[in-house]
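> 3D model of this:
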Amino acid sequence: ADESLQTVLEKIGLILDSKPTWAAILLFGKDPQRVLSQATIHCGLFEVDEISVLDDRMVTGTIIEQVNDAMEFIRKNIRVAFVMTGEPERKQVWDYPLEALREAVINAVCHRDYTISSAVEIRILRRSLKVWSPGRLASGITLPELFTSHASVLRNKGIAQVLYDIGWIERCGGGIQKMRSASAEAGLPEPVFQEDQGFSVIFRKDIFSAEYLIQEGLNARQIQAVGYIREKGKITNSEFQVLASIKKRQATKDLNDLEQLQIISRVGKTGKGTHYILKGAPKGLKGH
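Take a look at the predicted model:
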């Protein structure tokens with residue numbers, strides 16, 4: 001027999017004792033913050049010192065409205081480049097892949113602990129973007145298990161069910177893998193997932209781009225060396241001498257400076273086998 005609408009809503013946690021639950025109010029309420037003032041997303045764009053605020057917004061409304069408005073704030077405050085690909089339309093390349101950021105925001109509002117009186121936070125910094133949500137991982141899941149196939153433990157069953165029904169989330173923790181693979185495809189470092197009085201996902205920029213390296217004060221020869229390693233996977237002192245048309249003494253100084261800045265790592269101590277690779281390079285780079 002067909003179940004009544006009320007029975008269905010009770011099963012997925014949207015009605016309890018004939019009254020709408022928090023999940024129902026957060027998903028469909030006209031003014032969810034009147035009932036749960038902490039159910040918001042605090043978005044901020046920060047100056048280089050990571051203290052001074054350049055743009056600030058408290059996003060309210062239903063969960064679905066919040067995700068859309070938070071993504072609007074992010075698109076407004078991260079950079080996009082237009083790349084010619086030979087196709088009729090130019091390709092948009094953002095600082096971070098939008099699908100990965102959206103996944104992080106959806107996960108934050110879906111899985112956060114709504115009993116904690118803090119907002120979800122999105123912090124856009126010079127080199128990174130952080131999405132933080134109140135509450136540690138749901139009971140029964142450890143941080144290492146996020147990267148493997150794990151049982152789905154839901155803190156907010158009603159919210160998760162509706163977001164699943166509209167195609168915003170997948171059943172078994174597929175969001176983590178989606179964030180990782182989107183970052184790898186964009187040639188970016190893998191996102192950092194951590195528990196820090198809550199749960200956060202940190203997306204990092206490509207620290208090996210020429211633009212970033214110029215900002216860090218590298219000279220043209222050093223930028224050339226980093227580009228060579230990106231292409232070939234490694235560089236030796238003698239290869240760098242030929243590449244930049246310089247003597248061994250200058251090559252050694254340039255490479256040592258790059259090592260001090262933690263941009264490259266030396267493999268081997270002395271002799272012919274000694275070479276340099278990118279430190280913590282994204283897996284998508286050639287030679288890695």
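> C-alpha only now, for contacts and for neighbours.
Will do.
> check the burial of the closest residue to residue 10 other than its chain neighbours by counting its neighbours.
Nearest non-adjacent residue to residue 10, counting by Cα to Cα, 6 or more residues apart in numbering: residue 16, 6.1 Å away. For residue 16, the neighbour count with other Cα atoms under 10 Å is 14.
> is residue 16 in contact with residue 8, as I believe?
No: the criterion here is Cα atoms under 8 Å, and residue 16 misses it with residue 8 at 11.3 Å.
> surely residue 242 forms part of a helix?
Yes: membership of residue 242 in a helix is supported by DSSP: H, G, I helix; E, B strand; the rest coil.
> now do the same for it: its pLDDT.
Residue 242 carries a pLDDT value of 94.
> same question, residue 112
93.
> avg pLDDT for stretch 262-276?
82.
> do the same with stretch 40-49
Mean predicted confidence for stretch 40-49 is 91.
> so what touches it?
By Cα atoms under 8 Å, 6 or more residues apart in numbering, the residues outside stretch 40-49 that reach it are 33, 52-61, 66, 70, 73, 77, 119-126.
> then stretch 126-145?
46-48, 50, 104-105, 108-109, 111-114, 116, 118-124, 150, 153-155, 193-205.
> give me the subset of these lying in helices.
104, 105, 108, 109, 111 (DSSP state H).
> report how many residues lie close to residue 114.
22.
> make that residue 115, sorry
A count of nearby residues for residue 115, using other Cα under 10 Å, gives 11.
> do residue 99 as well
Residue 99: 13 surrounding residues under other Cα under 10 Å.
> which ones are touching it?
Applying Cα under 8 Å, 6+ apart to residue 99 gives the contacts 179, 182.
> ok, the most centrally placed residue in the chain - contacts?
The centre of the chain sits closest to residue 203, judged by Cα atoms, centre = their mean, with a distance of 3.1 Å. Contacts for residue 203 were tallied using Cα under 8 Å, 6+ apart; they are 96, 128, 129, 130, 189, 190, 191, 192.
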